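> with the sequence up front, the predicted model follows.
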Amino acid sequence: MKILLINPPDKNIISTNIPITIEDIRGFIPPLGIMYIASYAEKNTEHDIEILDTQVEEMSYEDIEKEIKHRRPDVVGITAMTFTLIDVILIAKIVKRIDEDIKVVLGGPHVNIYPHETINIPEVDYIVLGE
């Protein structure tokens with residue numbers, strides 16, 4: 001099985017009151033959750049695992065769509081944080097537009113806080129709770 005783990009863009013971020021200077025200095029935050037999952041799966045399964053960090057790659061939605069089409073995954077896992085939820089949903093919609101049979105799995109903090117609301121997003125097939 002081909003699994004693509006995506007760190008979503010932050011183009012529609014639900015912002016905080018953190019000053020811009022701090023945001024600029026901080027830079028990118030590594031997507032540790034999907035990195036841990038990829039590492040574990042590579043060591044313990046026969047699945048083909050890839051990570052797509054759309055923030056570091058500064059990808060547009062068009063770029064993301066092309067990349068998903070090119071990689072042709074069976075499953076797409078997306079890290080869901082509340083402040084990137086709009087972007088997460090937009091990626092899930094892209095995945096389903098490409099191929100309705102690709103399974104969309106969400107995990108992360110938002111899913112753990114709002115599991116019922118998250119699983120009711122039409123493009124989401126599965127959620128992963130806890131670690």
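Sure, I can see it.
> which residue ranges of the chain form helices?
For the chain, the helices defined by DSSP state H cover 20-26, 32-44, 61-71, 85-98, 109-113, 115-119.
> ok, which of those comes nearest Pro8?
Set against Pro8 and scored by Cβ to Cβ, these come closest in helix 85-98, at 4.3 Å. Where C-beta positions appear, they are placed from N, C-alpha and C, glycine not excepted.
> winner for burial among the helices of the chain?
Mean neighbour count (mean count of other Cβ atoms under 10 Å) peaks for helix 85-98 among those, with a mean of 20.
> look up how far Pro73 lies from Ile64.
12 Å (Cβ to Cβ, to the nearest Å).
> typed the wrong thing, it's Ile121
From Ile121 to Pro73 the distance is 19 Å (Cβ to Cβ).
> just Ala80 next, same as before
17 Å.
> hang on, the earlier thing: of Ile121 and Pro73, who's got more company?
Applying other Cβ atoms under 10 Å to Ile121 and Pro73 shows that Pro73 carries more neighbours, namely 22 against 17.
> which ones are touching the more buried one?
If a contact means Cβ atoms under 8 Å, 6 or more residues apart in numbering, then Pro73 has Lys2, Ile3, Leu4, Glu50, Ile102 as its contacts.
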